[in-house]
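# curious how this folds, go ahead:
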Amino acid sequence: MIVVLIGPGGVGKGTIARRLVERDARLYLSRSWTTRPVRPSEHGDEYVFVDRERFAQAIAADEFLEWAQFHGNLYGTPAPPPLPGRDLLLEIDVQGAIQVRRRDPQSVVILVEAPSTSELEGRLRRRGDDDEHVASRLASAPGELAAGRAIADAVVVNDDVERVAGEILSILDGVRREPRPPAA
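Take a look at the predicted model:
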């Protein structure tokens, strides 16, 4: 199964994804690639940071499950080999989730929302985003949320990481017990 976490930048997808992997041994997290620089708040292992030329080579070789350009940078999820008994967890944007859903209609898409716009802004600032980037992210958030709601199997509000991780794990347990019908 492919599990996809989507939502605007700053909602906490990365934190939630790490917590899910810690709490559910069946999940493994794919590391996406990006051409953006490492943020001051990052350790450098959040993504595979590459230049545009290397990213373009991977696109040409069809190495990604999905890829997109967002806010001037490229982001992509490499297509990993399947691991028996494990479910792949992706932390990506809405554009990528649409591509994944096309490749795997049975993927489970979960939209993560912030409790409020002011909380989203605070999270973006705390992670070190500059004013221009914060404004750009906040401007694109309503469109991302609308697009996300259109494809999401579930919507969760990240007001508490432990609570929302538990909610997502409950959703996944339900999907695992009641597999989805094959796509038509």
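# tell me the pLDDT at Ile2?
Note on Ile2: pLDDT of 94.
# repeat for Arg127
pLDDT at Arg127 comes out at 83.
# that one against Glu46, yeah?
No. The pair Arg127 / Glu46 is not scored as a contact, 10.6 Å apart, by Cβ atoms under 8 Å. (C-beta placed from N, C-alpha, C; glycine too.)
# is the residue sitting nearest the centre point of the chain bridged to anything, and to what?
For the chain, the residue sitting closest to the mean C-alpha position, by Cα atoms, centre = their mean, is Glu91 at 2.1 Å. Following DSSP bridges, Glu91 is listed with bridge partners Leu5.
# and it, what is it in contact with?
5, 13-14, 16-17, 29, 32 (Cβ atoms under 8 Å, 6 or more residues apart in numbering).
# tell me which residues are up against stretch 107-122.
For stretch 107-122, the surrounding residues in contact (Cβ under 8 Å, 6+ apart) are 1-8, 10-13, 16, 97, 100-101, 123, 134, 137-138, 141, 145, 148-149, 151-159, 164, 168, 171-172, 175, 180.
# take the residues you listed and keep only those in helices.
13, 16, 97, 100-101, 123, 134, 137-138, 141, 145, 148-149, 151, 164, 168, 171-172, 175 (DSSP state H).
# of the residues you listed, buried ones?
Buried members of the ones in helices among the contacts of stretch 107-122, scored by 16 or more other Cβ atoms under 10 Å, are 13, 16, 97, 100-101, 123, 134, 137-138, 141, 145, 148, 151, 164, 168, 171-172, 175.
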